[in-house]
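Engineer: model this:
(one chain, ligands or ions: 2)
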Amino acid sequence: RVARQTQDAALTALSRDGQRIEVAANIGSALEAPGAFSNGAEGVGLFRSEMLYMDRQTPPDEQEQFEAYQQVLLAAGNKPVIFRTLDIGGDKPLSYLNIPHEENPFLGYRAVRIYPEFAGLIRTQLRAILRAGAYGNAQLMIPMVHSLDQILWIKSQLQQVKAELQAEGLRFAASLPLGIMVEVPSVCYIIDHFCDEVDFFSIGSNDMTQYLYAVDRNNPRVSPLYNPITPSFLRMLRQIVSVAHRHGKWVGICGELGGESRYLPLLLGLELDELSMSGPRIPAVKSQLRQLDSAACRELANKACECRSADDIEALLREFTPEDD
Ligand code: PEP
Ligand code: MG
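Structural biologist: Ligands and ions are numbered 1, 2, ... in the order given. Model prediction:
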């Protein structure tokens, strides 16, 4: 286990037998931060920064972003806050970027893929996050990464931006932990290479589900197939966690799956280090966690990985009770 320790013991989410798993919040604006912490969040596992850029005619400037990020960090105290860089394009257009309409937006020009064309926009965001990072425990996460080149590009931009900030005499965090969203399936085959370049991984189960099975997340005709609780998905999670842990890196999950209490025994059993969910889900998940035995959950997860169908996994879950150990 490589989960981070929180400062505050009363906040710490533990299973009945003392297994640690961090319970964090997903937020879309600085205004949501105080509520998340009063719900018992041990950190922010996903700050969806794109919300700052939407429903307006021009992008937020560096100062506006700095103030929003700083506000979250001040609300967090020493707790970690993961800022995800802009995840825009495709089905989430920004009028001022003038990206033409696409036939297949989820397979198109979105998130990290647009960064080289809009390098100035991303550098402004990196500057704002680095500057805010001087006021708390900020971490940086990049969406939709699928190749090492993309993360190397980000690192070179970070170096340049830090040199600028230094030359300007501005206060900033000299180094921030850097992670990627794992939401494109090909990443799973090169987790070891990413371990050389990044500090953590967070599974975006919403996108990962659609990409792993080639099932459009918005098409009702295939929605019965949109289910992350299958043998293939669980084996994939197990594989990611195993390789990342071997390299001393932690793995969280920040898609909807992370906050689904029905699946909490599986997620604990798969040895995920962090679950990030909407704030109101946190108290229930923490109290459910206190009922669970981690060895029983590991056994459950291993059995689930050997099931031959999603229905068989559901049957296993129905039979499983917290008392199993
Ligand atoms: C995800 O894909 O699971 C995720 C958290 O990102 P978003 O839902 O913002 O695409
Ligand atoms: Mg996503």
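Engineer: Scan the protein for its longest helix.
Structural biologist: If you go by DSSP state H, the chain has its longest helix at helix 148-167.
Engineer: How far off centre is it?
Structural biologist: From the chain centre to the centre of helix 148-167 is a distance of 21 Å (CA atoms, centre = their mean, to the nearest Å).
Engineer: and if you look at stretch 153-170?
Structural biologist: 24 Å.
Engineer: following the host helix or strand of residue 181, which helix or strand comes up?
Structural biologist: Here residue 181 sits within strand 178-182, counting by DSSP states H and E. Under the assignment DSSP H and E, the closest C-terminal helix or strand after strand 178-182 is helix 191-195.
Engineer: For the helix or strand following that next one, output the C-alpha coordinates as PDB.
Structural biologist: Sequence order places strand 200-203 as the next helix or strand after helix 191-195, per DSSP H and E. Provided in PDB are the C-alpha atoms of strand 200-203 (Å, rounded to 0.1, in the frame of the first residue of the first chain):
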ATOM      1  CA  PHE A 200       0.200   8.700  -9.200                       C
ATOM      2  CA  PHE A 201      -2.700   7.400 -11.300                       C
ATOM      3  CA  SER A 202      -6.400   8.000 -11.100                       C
ATOM      4  CA  ILE A 203      -8.800   5.800 -13.000                       C
END
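Engineer: how about the residues of the protein near ligand 2?
Structural biologist: 183, 204, 207 (CB under 5 Å from the ion). Where you see a C-beta, it was placed from the backbone N, CA and C, and this is true even at glycine.
Engineer: Not counting sequence-adjacent ones, nearest residue to the last one?
Structural biologist: In this structure, residue 207 finds its nearest non-sequential neighbour in residue 183, 3.9 Å apart by CB to CB, 6 or more residues apart in numbering.
Engineer: my guess is that neighbour contacts residue 210, does it?
Structural biologist: No: Residue 183 is beyond contact range of residue 210, at 9.1 Å (criterion: CB atoms under 8 Å).
Engineer: ok, those two, which is more surrounded?
Structural biologist: Higher neighbour count among residue 183 and residue 210: residue 183, with 25 against 20, using other CB atoms under 10 Å.
Engineer: what's the closest non-adjacent residue to residue 275?
Structural biologist: Nearest to residue 275 is residue 258, by CB to CB, 6+ apart, at 4.2 Å.
Engineer: hmm, I was thinking of residue 274
Structural biologist: Using CB to CB, 6+ apart, the nearest residue to residue 274 is residue 252, at 3.2 Å.
Engineer: Got the confidence number for residue 8?
Structural biologist: We have a pLDDT of 58 for residue 8.
Engineer: again, but for residue 93
Structural biologist: 85.
Engineer: That one touches residue 99, doesn't it?
Structural biologist: Yes: if you go by CB under 8 Å, residue 93 and residue 99 touch, sitting 6.2 Å apart.
Engineer: List, one by one, the residues from the stretch 101-250 of the chain near ligand 1.
Structural biologist: 183, 204-207 (CB under 6 Å from any ligand atom).
Engineer: hmm, back to that, so which of the residues of the chain next to ligand 2 is the closest to residue 65?
Structural biologist: Nearest to residue 65 among these: residue 204, at 22.0 Å, using CB to CB.
Engineer: mind listing what that closest one touches?
Structural biologist: 143, 181-183, 254-255 (CB atoms under 8 Å, 6 or more residues apart in numbering).
Engineer: 7 Å - rerun?
Structural biologist: Applying CB atoms under 7 Å, 6 or more residues apart in numbering to residue 204 gives the contacts 181-183, 254-255.
Engineer: before we move on, back to that, tell me the mean pLDDT over the strand holding residue 181?
Structural biologist: For strand 178-182, the mean confidence score works out to 98.
Engineer: so it versus helix 148-167, what angle?
Structural biologist: Per axes from the mean of the first three to the mean of the last three CA atoms, to 10 degrees, the angle that strand 178-182 makes with helix 148-167 is 150 degrees.
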